[in-house]
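Colleague: Here you go, sequence then predicted model.
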Amino acid sequence: MTEKLNETQISRRKFLKTTTLTLTGGAVAFGGISVVAFKKDQLQLRPPGALAEELFLASCIKCGQCLQVCPPQVVKLAGISQGFGIGTPYIVPREGACILCSGLPCVLACPTGALDHALSLGKDASMGLAVLTNPDTCLSILGVNDLIYQLKNLQKNKKTSLDQIQLKEILTSLIKRMSENEKKTWQKKFVLKDISENTLMEGVKKIKKMDLQWIINFVSSSGQARTACQVCLDECPIKDEKPIVFLRKTDAETGRDYIYPSVSKTCVGCGVCEQKCPTTIASIKITPRLEWSKNIT
Ligand code: SF4
Ligand code: SF4
Ligand code: SF4
């Protein structure tokens, strides 16, 4: 079955490669319109494999195939008001980042090679680079645990009912980080039948706003509370490539030690760190098309 699938994928790639040249030739004519509309100061994050911007605009035929096959549905098509390559695909990381999904279906689906068919692995995509644009709000530098920060924000919300979507996101991370003993404490508090992750997650439905203070105290006394935020690295789809390294520094004025996220050359600019960064305005942001140099962060 796997062999068959691979054969199909390979012949699809071959088909796409042979049609690329023919179609690109035609697309250049359409591209003229896009190049006029494209404003250089509005570089957008393109899907993986996008050719250099002007070549991309000349090659993309605005068919929307990449958008249709994207599993998390994060690819958007530029509208007339946006003024950059109308109908071309782009991604807004804070709203939904590219997860570099297996097989890069957007690249495979692109009929012209505007998304380069030579790209087959997410770790080789070159979309841009993450930059720590707001170090002043970065929880890692401030020495703040991300879960405690988010729980306190949730508690401040004036609504009487809890934001269930946000709560579920926070508790999914919390449950993954709990020790066995912490799971047992949680099981007892919310009267759950066992400590499997599924059961602990089911228990989320029982949580009321008045339970938040208990949860904040629970996290504050847990082992992981001593760890400042590292969400950008933890959530990165290619974290094994070490695209972010946490480095230690000492504040010259206060003498306080802290760690900070330093982006390395293996970052491909997918945007997941920007999407998941828990601060109100993302502390880390993607600069599309930026190439790595040692001086970025
Ligand atoms: S790699 Fe996957 S998630 Fe990223 S844009 Fe392509 S289809 Fe969407
Ligand atoms: S996700 Fe990264 S950049 Fe954002 S607050 Fe946490 S450590 Fe800082
Ligand atoms: S650090 Fe990781 S999550 Fe952030 S843009 Fe780079 S590759 Fe994507």
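Modeller: Done, it's in. Ligands and ions are numbered 1, 2, ... in the order given.

Colleague: going forward, measure contacts and count neighbours with C-alpha atoms only.
Modeller: Noted.

Colleague: Could you pull out the strands in the protein for me?
Modeller: Counting by DSSP state E, the segments of the chain that form strands are 75-77, 89-91, 128-132, 244-250, 257-263, 284-288.

Colleague: does the second one come close to ligand 3?
Modeller: Translated: strand 89-91. No: counting by CA under 6 Å from any ligand atom, no contacts exist between strand 89-91 and ligand 3, the nearest distance being 12.3 Å.

Colleague: Now the stretch 101-250 of the chain against ligand 3: closest residue?
Modeller: Of the stretch 101-250 of the chain, the residue with the smallest distance to ligand 3, taken as CA to the nearest ligand atom, is residue 236 at 3.7 Å.

Colleague: where does that residue fall, phi/psi-wise?
Modeller: Per-residue torsions, residue 236: phi -60, psi 130 (degrees, to the nearest 10).

Colleague: which residues of the chain score low on pLDDT?
Modeller: The chain contains residues with pLDDT under 70 at 1-41, 294-297.

Colleague: Next to ligand 3 in this structure, residues from it, please.
Modeller: Applying CA under 6 Å from any ligand atom, one finds that the chain approaches ligand 3 through 129-130, 236, 238, 243-244, 267-273.

Colleague: from those residues, which single one is nearest residue 72?
Modeller: Taking CA to CA as the measure, residue 72 sits nearest to residue 272 out of those, at 12.0 Å.

Colleague: for the closest residue to the closest one other than its chain neighbours, what are its contacts?
Modeller: Residue nearest to residue 272 in three dimensions, not counting chain neighbours: residue 97, with 5.1 Å by CA to CA, 6 or more residues apart in numbering. If you count contacts by CA atoms under 8 Å, 6 or more residues apart in numbering, residue 97 has them with 74, 91, 270, 271, 272, 274, 275.

Colleague: now the third one: how far from residue 169?
Modeller: Read it as residue 270. Relative to residue 169, residue 270 is positioned 20 Å away (criterion: CA to CA, to the nearest Å).

Colleague: Point me to the residue of the stretch 151-297 of the chain nearest ligand 1.
Modeller: residue 270 (7.5 Å).

Colleague: returning to that earlier point: next, give me the two most distant ones among the contacts of residue 97.
Modeller: Greatest spatial distance among the contacts of residue 97 (CA to CA): 74 and 274, at 13.7 Å.

Colleague: So the two - more neighbours on which side?
Modeller: Of the pair residue 74 and residue 274, residue 274 is the one with more neighbours under other CA atoms under 10 Å, namely 28 against 20.

Colleague: quick one: the more buried one from ligand 2, how far?
Modeller: The spacing between residue 274 and ligand 2, counted by CA to the nearest ligand atom, to the nearest Å, is 7 Å.

Colleague: That residue is in contact with residue 280, isn't it?
Modeller: No: Residue 274 sits out of contact with residue 280 when judged by CA atoms under 8 Å, with a separation of 11.2 Å.

Colleague: residues from the stretch 151-297 of the chain in reach of ligand 2?
Modeller: Applying the criterion CA under 6 Å from any ligand atom, the portion of the stretch 151-297 of the chain that neighbours ligand 2 consists of 229, 230, 231, 232, 261, 277, 278, 279, 283, 284.

Colleague: Format these as JSON lines; extra columns: neighbour count.
Modeller: Conversion of these to JSON lines gives the following (neighbours: other CA atoms under 10 Å):
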{"residue": "229", "neighbour count": "26"}
{"residue": "230", "neighbour count": "21"}
{"residue": "231", "neighbour count": "21"}
{"residue": "232", "neighbour count": "23"}
{"residue": "261", "neighbour count": "24"}
{"residue": "277", "neighbour count": "23"}
{"residue": "278", "neighbour count": "20"}
{"residue": "279", "neighbour count": "16"}
{"residue": "283", "neighbour count": "20"}
{"residue": "284", "neighbour count": "24"}
